[in-house]
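**Student:** Sharing a model prediction with you, sequence too.
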Amino acid sequence: MIEEIKHQEQLLGIIIKSSYEKDGISFFTPNNFSQQLGYMKREKNYHIEPHVHNPVKREVVWTQEVLFIKSGKVRVDFYNDSKVYLESRVIEKGDVILLASG
């Protein structure tokens, strides 16, 4: 239940439905994004060893945002960079969306 919304190979958004479930850890964003969006499901009492993330110099050009829908429904309209409407999605309680571009 992961959906990538693209227009002409440009990633506009990623939707993670509340029903998504997978053991382990999964990341959904490309490696070149300044922020990573992931999902983790581990057994009870699973312990992550203390660790550091390697520094990676990045240039942030576009603001991206992540929304967690706590209740209700939201219609998300996607547009290209010229503000021309492309398509819509309805996301619901428990869904997460990354708005990447457009």
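**Tutor:** Everything's here; your move.
**Student:** Going by C-alpha atoms from here, please, whenever you check contacts or count neighbours.
**Tutor:** Noted.
**Student:** Lys22 - nearest residue in space that isn't next to it in sequence?
**Tutor:** Closest residue in space to Lys22, ignoring its immediate chain neighbours: Lys41 at 6.5 Å, by CA to CA, 6 or more residues apart in numbering.
**Student:** same question, Gly13
**Tutor:** Leu99 (4.6 Å).
**Student:** contacting residues for that neighbour?
**Tutor:** Residues near Leu99 by CA atoms under 8 Å, 6 or more residues apart in numbering: Leu12, Gly13, Ile14, Gln64, Glu65, Val66.
**Student:** Just the ones in strands from these, please.
**Tutor:** Using DSSP state E, Leu12, Gly13, Ile14, Glu65, Val66 are the members of these that sit in strands.
**Student:** Verify the contact between the third one and Leu98 for me.
**Tutor:** Which is Ile14. Yes - using CA atoms under 8 Å, Ile14 makes contact with Leu98 at a distance of 5.1 Å.
**Student:** shaky segments in the chain?
**Tutor:** Within the chain, no range satisfies pLDDT under 70.
**Student:** Tell me where it has strands.
**Tutor:** 2-7, 10-16, 24-27, 38-41, 65-68, 73-79, 85-92, 96-99.
**Student:** For those strands, give me a markdown table that also has distance to Val52.
**Tutor:** A markdown table is the format used below for these (distance: least, CA to CA, whole Å):
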| stretch | distance to Val52 |
| --- | --- |
| strand 2-7 | 28 |
| strand 10-16 | 26 |
| strand 24-27 | 17 |
| strand 38-41 | 17 |
| strand 65-68 | 23 |
| strand 73-79 | 35 |
| strand 85-92 | 34 |
| strand 96-99 | 24 |
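**Student:** Of the ones you listed, which is nearest Val56?
**Tutor:** With CA to CA as the measure, strand 24-27 is the member of those nearest Val56 (17.2 Å).
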